[in-house]
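A.B. asks: Below: sequence and its predicted model.
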Amino acid sequence: MKKFNYLLMLFTAVTFALTSCGEDETPDNGVTIEGIPATATIEAGGTLGPVTATATALDGLVSLAITKDGAPLATVPLSGTTATAPFSYTATPADAGKNIVFEFTVTDTDGDFAKATHVLTVGAEATTIRVTQNITANTTWESGKTYILGGRIVVTDGATLTIEEGVVVKGEVGTGANATALIIARGGKLNANGTASAPIIFTSVADEIEPGQIASPNLDPEISGLWGGVLILGRAPSSFGGDVTEVQIEGIPASDTNGLYGGTNAEDNSGSIKFISIRHGGANIGEGNEINGLTLGGVGSGTVIENVEVIGNQDDGIEWFGGTVNVK
């Protein structure tokens, strides 16, 4: 009898052990996460993504947890058996020279999970930035950097472009409809306030000047027509015939409605520009139609314009088209 009881206990123990091992080896999982790249490299100030994580769980999704270097960063609630979640990260100057590890963990209703790891390598902060899209939200161009105009760039209605002292802005080569220019459309603002010792310089990509310099190291002052220019357009009254209250500014193709100027607001405010230098511009967009160094179309008296220099422009240095602005 004792032998029988011993054998029964041994059989039960073996059965339990086999059952336990089987559950450990084949857990009720079925959770996956895809779409997260293993690695990426960006500069400080640059942005990763957005990348899209795709999660699946046969038992139903609960959440996506994201950590940065082991610290919680975000938790995204999920539901259903398949879901997607976008992820992006903008590197700060403090991230420069680091490898940042992001871990993405998807959990289902049973507590099962799947993980993906992403390593983001962050290089030094870029000091030359090419601008190719219109400016539709408040934006700052920072001291110590060069900004390349990759075409006709418009600061649109409701947006403000702030350019800090000492910034260099360079226009790419282009003629006709492809002439590069910085346009402040009606309702947009430009706050470009340099100083006598650190002016804001608008010039051509052919100019090798860098932030901190004032004189070009390679271009003679009389060279002109290498890019377009700066145009500020407002809603102040202008002298149009008849009942016309707005017209297209010269130098901008008629197909671009951002080139309209004029209105009825004498105190219209397009921002503030002080101590700026505009060089080597005046690209031709048509027979006898060049862009001025600084074009002021219907600019109102709420706008501040002081200490502006124009060098080597193919057309006029500064030209007014109506408006009520005072310039000194």
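C.D. replies: Sure thing, it's come through. From a predicted model like this one, the values you see are computed outputs, not experimental measurements. Numbering: from 1, shown residues only.
A.B. asks: drop to CA atoms for contacts and neighbour counts, all remaining ones
C.D. replies: OK.
A.B. asks: residues contacting the closest residue to I311 other than its chain neighbours?
C.D. replies: Excluding its sequence neighbours, the residue lying closest to I311 (CA to CA, 6 or more residues apart in numbering) is R279, at 4.7 Å. Counting by CA atoms under 8 Å, 6 or more residues apart in numbering, R279 touches 201-204, 221, 224, 293, 310-313.
A.B. asks: Which one (most neighbours) among the residues you listed?
C.D. replies: G293 (32 neighbours; other CA atoms under 10 Å).
A.B. asks: That one: what's it in contact with?
C.D. replies: 228-230, 278-279, 281-282, 310, 313, 315-318.
A.B. asks: Please settle this for me: is N258 part of a helix?
C.D. replies: Yes: note on N258: a helix contains this position according to DSSP: H, G, I helix; E, B strand; the rest coil.
A.B. asks: That one against R152, yeah?
C.D. replies: No: between N258 and R152 there is no contact under CA atoms under 8 Å: 10.4 Å.
A.B. asks: shared neighbours of those two, anything?
C.D. replies: In contact with both N258 and R152: I183, using CA under 8 Å, 6+ apart.
A.B. asks: quick one on the thing from earlier: tell me the one of the contacts of G293 nearest I135?
C.D. replies: I135 has its nearest neighbour among the contacts of G293 in V230, at 14.5 Å by CA to CA.
A.B. asks: hang on, that closest one packs against T295?
C.D. replies: Yes: counting by CA under 8 Å, V230 touches T295, with 6.3 Å between them.
A.B. asks: how about the strands in the stretch 51-200 of the chain?
C.D. replies: 61-68, 71-77, 82-90, 99-108, 113-123, 128-131, 139-141, 146-149, 152-155, 160-163, 168-171, 181-184, 189-193, 200-204 (DSSP state E, counting those that start in this stretch).
A.B. asks: One more: the stretch 201-328 of the chain?
C.D. replies: Listed in chain order (using DSSP E, counting those that start in this stretch), the strands of the stretch 201-328 of the chain are 230-233, 247-248, 260-261, 271-279, 284-286, 289-290, 294-297, 304-311, 318-321.
A.B. asks: mind checking which of those is nearest G111?
C.D. replies: With respect to G111, and counting by CA to CA, the nearest of these is strand 271-279 at 56.5 Å.
A.B. asks: Each with direction, which strands does that closest one pair with?
C.D. replies: Note on strand 271-279: by DSSP bridges, its sheet partners are strand 189-193 (parallel), strand 200-204 (parallel), strand 304-311 (parallel).
A.B. asks: how about TSV for the ones you listed, with mean pLDDT and distance to A179 added?
C.D. replies: TSV is the format used below for those (pLDDT from 0 to 100; distance: least, CA to CA, whole Å):
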stretch	mean pLDDT	distance to A179
strand 189-193	99	20
strand 200-204	99	12
strand 304-311	98	18
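A.B. asks: from what I can see K189 touches S270, true?
C.D. replies: Yes: the pair K189 and S270 qualifies as a contact (CA under 8 Å) at a distance of 4.5 Å.
A.B. asks: can I get the strands of the stretch 51-200 of the chain in CSV with distance to T245?
C.D. replies: Rendered in CSV, the data for these read as follows (distance: least, CA to CA, whole Å):
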stretch, distance to T245
strand 61-68, 55
strand 71-77, 52
strand 82-90, 44
strand 99-108, 55
strand 113-123, 51
strand 128-131, 32
strand 139-141, 30
strand 146-149, 30
strand 152-155, 21
strand 160-163, 24
strand 168-171, 31
strand 181-184, 18
strand 189-193, 21
strand 200-204, 31
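A.B. asks: Between these, which one is closest to A266.
C.D. replies: Of all those, strand 189-193 comes closest under CA to CA, at 15.8 Å.
A.B. asks: residues of the closest one that come out buried?
C.D. replies: Neighbour counts over strand 189-193 (16 or more other CA atoms under 10 Å) mark 189-193 as buried.
A.B. asks: if we can go back for a sec, of all the contacts of R279, which comes closest to E210?
C.D. replies: Set against E210, the nearest of the contacts of R279 by CA to CA is I201 (9.6 Å).
A.B. asks: what number of residues lie near the nearest residue to A83 once chain neighbours are set aside?
C.D. replies: Nearest non-adjacent residue to A83, counting by CA to CA, 6+ apart: A55, 5.4 Å away. Neighbours of A55 under the rule other CA under 10 Å: 26.
A.B. asks: now A55: how far from W141?
C.D. replies: 39 Å (CA to CA, to the nearest Å).
A.B. asks: In the stretch 1-150 of the chain, where is pLDDT below threshold?
C.D. replies: For the stretch 1-150 of the chain, applying pLDDT under 70 flags the ranges 1-29.
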